[in-house]
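K.L.:
Just the structure for this:
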Amino acid sequence: MRGLPPLDAPVEPVTALRRIAWLLERDRQSTYRVEAFRRAARAAHELGRDELQRRAAAGTLTDIGGIGTRTAAVIAEAVAGGLPEYMRRLQDAAPASLADGGHALYARLRGDLHTHTDWSDGGAPLTEMASAAATLGLEWLAITDHSPRLTVANGLSVARLRAQLDEIDAYNDQSDSELRLLAGIEVDILDDGTLDQTTEMLDRLDIVTASVHSKLRMDAAPMTRRLVTAVSDPRCNVLGHCTGRRVGTGRGARPPSTFDAREVFAACAEHGTAVEINSRPERVDPPDDLIELARDMGCLFAIDSDAHAPGQLDFTALGAHRAVQLGIEPERIVTTWPADRVIEWAAART
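P.N.:
Residues are numbered from 1 along each chain as shown. You can find the predicted model right below:
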């Protein structure tokens, strides 16, 4: 079964700290706790193994900024050649899969068309997202940070997007991993349905996932026009979390946007735009009835994690379970395709 394979001793200190962060993210633990291990991993990486070993022997690891009592214990156990006890407990408690079913389809997923890094509102560098994706057995990963209008999420300007594309190219040229990164964006769908990035930059990307993040309570008729315009744009490949709903309780809950789903999905089917099955547990978007409608209208689908951290990439197990329950054929799910086929499909729309 695909998932994070458990680590055995010996394990490098930085690897142990990062794996703990991933396991906490997978379990949806607090950002504060996760970041403590990520900070410690950065500090440990800068120090190097020899210095970590010296400080562990001297009991001075906590003198280093970013390393606390618990993270120091993890480092000390790792440099001593053992399996850190805290990591062992997390691994033992972690379920083999986040979903009760859909395991065969999950194993067929080759990539993910909706992920975020610390270039926008993600919690980890591009290279760590790639490392986690490779560990999960993915063949490719689209990096889709936010576009300029979403300032609250540190959306990428043209200049910053260009710089990110350089980093993606460098990773693909220099990494020893077999994982391939695809250059992408989660572009905002503006009020009139246009896409929030320049035509020049959109044309440079492998993948464009388009989503609504503002005026979610727009009346049904203009929202329908807005979505139809977006998914009909030849530069749009995926319609992300189409209703914008949140299914959590309390202040985290948000009702779905209202629109003529039949008209929107007809446009998706006509133009070859994939409908995203967003796997985040608080989204579960689209709802089941809309997935069934898109299925019956002949749409393609993308099972995506919408991961904002490495441990969240495994959320796609939840999307795969839903796709199986709702009778979506694997061949219609573009995230089961090899990278070359995905790029060819995306480019054919331009």
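K.L.:
Can you name the element that comes right after the strand or helix carrying Gln164?
P.N.:
Assigning secondary structure by DSSP states H and E places Gln164 in helix 158-174. Reading on from helix 158-174 to the C-terminus, the next helix or strand found by DSSP H and E is strand 180-188.
K.L.:
any idea of the mean pLDDT in that next one?
P.N.:
Mean pLDDT, strand 180-188: 98.
K.L.:
Could you pull out the buried residues of the helix or strand that comes right after that strand?
P.N.:
Using DSSP H and E, the helix or strand that directly follows strand 180-188 along the chain is helix 199-204. For helix 199-204, the neighbour count (16 or more other CB atoms under 10 Å) marks Met201, Leu202 as buried. Glycine gets a C-beta too; all of them are placed from N, C-alpha and C.
K.L.:
Please apply the same query to stretch 263-276.
P.N.:
For stretch 263-276, a neighbour-count test (16+ other CB under 10 Å) marks Val264, Phe265, Ala266, Ala267, Cys268, Ala269, Gly272, Thr273, Ala274, Val275, Glu276 as buried.
K.L.:
Among those residues, which are located in strands?
P.N.:
Ala274, Val275, Glu276 (DSSP state E).
K.L.:
ok, now which ones touch the closest residue in space to Thr115 that isn't next to it in sequence?
P.N.:
Of all residues not flanking Thr115 in the chain, Ala307 sits nearest, at 4.8 Å (CB to CB, 6 or more residues apart in numbering). Shown in contact with Ala307 (CB atoms under 8 Å, 6 or more residues apart in numbering): Asp112, His114, Thr115, His116, Gly122, Met129, Leu313, Phe315.
K.L.:
For those, pick the one with the most neighbours.
P.N.:
Thr115 (31 neighbours; other CB atoms under 10 Å).
K.L.:
Quick check: Ser211 touching His241?
P.N.:
Yes: Ser211 lies in contact with His241 (CB atoms under 8 Å); the separation is 5.7 Å.
K.L.:
picking that back up, CSV please, covering the contacts of Ala307 and showing distance to His103 and pLDDT.
P.N.:
Shown next, in CSV, are those (distance: CB to CB, whole Å; pLDDT from 0 to 100):
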residue, distance to His103, pLDDT
Asp112, 17, 98
His114, 21, 98
Thr115, 22, 98
His116, 26, 98
Gly122, 27, 95
Met129, 23, 98
Leu313, 16, 98
Phe315, 15, 97
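K.L.:
Which members of these are positioned in helices?
P.N.:
In helices, judged by DSSP state H, the following of those are found: Met129.
K.L.:
Gly102: which of the contacts of Ala307 is nearest?
P.N.:
Phe315 (12.3 Å; CB to CB).
K.L.:
Tell me how far that closest one lies from Glu178.
P.N.:
22 Å (CB to CB, to the nearest Å).
K.L.:
hang on, the earlier thing: distance to Arg295 and pLDDT for the buried residues of stretch 263-276 - can I get that in TSV?
P.N.:
Output for the buried residues of stretch 263-276, formatted as TSV (distance: CB to CB, whole Å; pLDDT from 0 to 100):
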residue	distance to Arg295	pLDDT
Val264	14	98
Phe265	9	98
Ala266	13	98
Ala267	16	98
Cys268	12	98
Ala269	10	98
Gly272	16	97
Thr273	15	98
Ala274	12	98
Val275	9	98
Glu276	14	98
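K.L.:
which residues in this protein form strands?
P.N.:
According to DSSP E, the strands that the chain contains are 140-143, 180-188, 207-211, 238-239, 274-278, 301-304.
K.L.:
mind listing what the fourth one pairs with, with the direction of each?
P.N.:
Which is strand 238-239. strand 207-211 (parallel), strand 274-278 (parallel) (DSSP bridges).
K.L.:
Could you point out which of the ones you listed sits nearest Asp188?
P.N.:
strand 207-211 (7.0 Å).
K.L.:
avg pLDDT for the closest one?
P.N.:
Rounded mean pLDDT across strand 207-211 is 98.
K.L.:
starting at the chain centroid, how far to it?
P.N.:
13 Å (CA atoms, centre = their mean, to the nearest Å).
K.L.:
Now do the buried residues in that strand.
P.N.:
Neighbour counts over strand 207-211 (16+ other CB under 10 Å) mark Ile207, Val208, Thr209, Ala210, Ser211 as buried.
K.L.:
Need the residues you listed in a markdown table (columns: distance to Gly319).
P.N.:
Putting the buried residues of strand 207-211 into a markdown table (distance: CB to CB, whole Å) gives the following:
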| residue | distance to Gly319 |
| --- | --- |
| Ile207 | 17 |
| Val208 | 20 |
| Thr209 | 14 |
| Ala210 | 18 |
| Ser211 | 16 |
